[in-house]
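[1] model the structure of this input:
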Amino acid sequence: FCLSRGLGDVYKRQAPLAALALTAWATLVSPAHAATGRFQDLQVEVIGSGRPVLMIPGLNSGADVWRETCAALQPQVQCHLIQLPGFAGAPAVASDDFLSAMRDRLLAYSADRRLDHPAVIGPSLGGVLALQMAIAAPQKVGPLVIVDALPYFGAVQNPAATPATLKPIAEQMRVGMLAADATQYAAQTDAAVANMAHAPEHVATLKQWGRDSDRATTANAMYSMTMTDLRQPIAGITAPVLVLGAWAAYQPFGATEASTRQVFATQYAALPGVRIEMSRAGYHFLMWDDPRWLQTQIRGFLELPAAP
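    Alright, predicted model coming up:
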């Protein structure tokens with residue numbers, strides 16, 4: 001996430017900013033087995049009737065980012081594809097702290113639907129929300145699959161960084177994002193996601209989703225991410241946690257699989273029993289760039305039958 005010009009370069013290389021859609025897979029799911037509704041500003045599409053799995057997208061992304069994964073996991077899971085407000089054209093809502101507001105809505109949704117210890121899957125911002133849910137309600141949340149997300153993105157470059165030390169930069173970032181003209185803002189969001197996926201058509205889709213997102217929501221969400229350090233609070237998570245990391249996109253900047261794994265291990269050090277796996281070739285959007293590997297990891301972790 002771009003917090004300033006210097007820190008922005010680090011996030012472009014090492015931390016996720018957004019997610020993207022793979023809409024062609026919609027035809028794989030029968031409408032008879034899908035239902036779409038709204039709950040406290042969330043748009044939720046429910047597919048299947050198996051084990052409940054909340055599938056949360058990342059910053060500026062649509063729920064369709066998980067559609068291919070959902071289809072691949074059928075019929076063993078009941079997917080709850082979440083569309084967060086303000087992203088990818090969804091109506092925006094005002095909130096003082098975007099992450100906390102979305103965490104509370106997601107927990108309320110799970111309780112309202114009487115989901116029994118649902119698994120929660122999320123990339124980048126969605127992964128942070130999954131961690132927050134498990135911290136706030138450890139007895140209500142099931143296994144977590146965290147896709148290329150860290151407990152504190154602000155400490156990627158400097159492990160000593162804290163919300164307090166980064167607050168001035170985060171405030172400057174938010175002001176700058178809101179003040180930029182439309183052309184400048186589009187150029188910045190386009191550049192930020194240029195190396196987040198392999199296929200050019202996927203990157204193009206991601207750019208469009210970023211432009212369709214509400215700018216104030218994006219700015220406030222990024223600020224909220226910078227002010228949220230979960231490195232110690234994750235010690236209170238009792239559910240099993242699988243972290244799926246990516247490193248290949250950062251290789252031109254000197255990163256290796258081992259060095260990137262160490263970043264994950266350091267940030268998740270307080271979480272007992274965390275399992276960290278690294279994709280060999282996928283960029284940030286592993287559900288898109290390395291789908292079979294990701295699906296196999298999820299199936300094994302949730303103890304689902306092997307795919308045919």
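[2] for the protein, give me the ranges with low pLDDT.
    Under the criterion of pLDDT under 70, the regions of the chain flagged as low confidence span 1-33, 308.
[3] again, 80 this time
    Flagging of the chain using pLDDT under 80 yields the residue ranges 1-35, 306-308.
[4] how much space separates the residue most central in space within it from W288?
    In the chain, the residue lying closest to the centroid (Cα atoms, centre = their mean) is P123, at 2.4 Å. When distance is defined by Cβ to Cβ, to the nearest Å, P123 is 10 Å away from W288. The C-beta positions use only the backbone N, C-alpha and C, and glycine is treated the same way.
[5] overlap in contacts, the two.
    V65 (Cβ atoms under 8 Å, 6 or more residues apart in numbering).
[6] re earlier: where does the residue nearest to the centre of the chain fall, phi/psi-wise?
    Dihedral angles phi and psi of P123 (degrees, to the nearest 10) take the values phi -100, psi 150.
[7] who's in contact with it?
    For P123, the residues meeting the contact criterion (Cβ under 8 Å, 6+ apart) are 16, 19, 57-58, 65, 146-149, 284-287.
[8] tabulate these (a markdown table), appending neighbour count, secondary structure and distance to M225.
    A markdown table is the format used below for these (neighbours: other Cβ atoms under 10 Å; DSSP: H, G, I helix; E, B strand; the rest coil; distance: Cβ to Cβ, whole Å):
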| residue | neighbour count | secondary structure | distance to M225 |
| --- | --- | --- | --- |
| P16 | 27 | coil | 10 |
| A19 | 33 | coil | 14 |
| P57 | 30 | coil | 14 |
| G58 | 28 | coil | 10 |
| V65 | 30 | helix | 18 |
| I146 | 28 | strand | 14 |
| V147 | 32 | strand | 15 |
| D148 | 28 | coil | 14 |
| A149 | 27 | coil | 10 |
| H284 | 31 | coil | 15 |
| F285 | 32 | coil | 18 |
| L286 | 23 | helix | 19 |
| M287 | 28 | helix | 20 |
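[9] buried stuff in the helix or strand harbouring E171?
    With the criterion set as DSSP states H and E, the secondary-structure element containing E171 is helix 163-179. Of the residues in helix 163-179, those buried under the neighbour-count criterion (16 or more other Cβ atoms under 10 Å) are L166, I169, A170, M173, R174, G176, M177.
[10] which elements pack onto it?
    Other elements packing on helix 163-179 under the criterion 3 or more Cβ pairs under 8 Å, 6 or more residues apart in numbering; DSSP states H and E are helix 5-14, helix 215-226.
[11] now with 7 Å?
    If you count contacts as 3 or more Cβ pairs under 7 Å, 6 or more residues apart in numbering; DSSP states H and E, helix 163-179 packs onto helix 215-226.
[12] which helices and strands does the helix it packs on pack with?
    With contacts defined as 3+ Cβ pairs under 7 Å, 6+ apart, helix 215-226 has these neighbours: helix 98-112, helix 125-136, helix 163-179.
[13] just want the angle from the second one to helix 215-226.
    Put plainly, it is helix 125-136. Put simply, helix 125-136 runs at 50 degrees to helix 215-226, going by axes from the mean of the first three to the mean of the last three Cα atoms, to 10 degrees.
[14] and the last one, by the same measure?
    Orientation of helix 163-179 against helix 215-226 (the same axes, to 10 degrees) gives an angle of 170 degrees.
[15] show me the strands in the stretch 151-300 of the chain, by range?
    If you assign secondary structure with DSSP state E, counting those that start in this stretch, the strands in the stretch 151-300 of the chain sit at 241-245, 275-278.
[16] contact partners of the longest one?
    Spelled out, it's strand 241-245. Contacts made with strand 241-245 from outside it, assessed by Cβ atoms under 7 Å, 6 or more residues apart in numbering, are listed as 144-148, 260-261, 264, 268, 271, 274-279, 286, 294, 297, 301.
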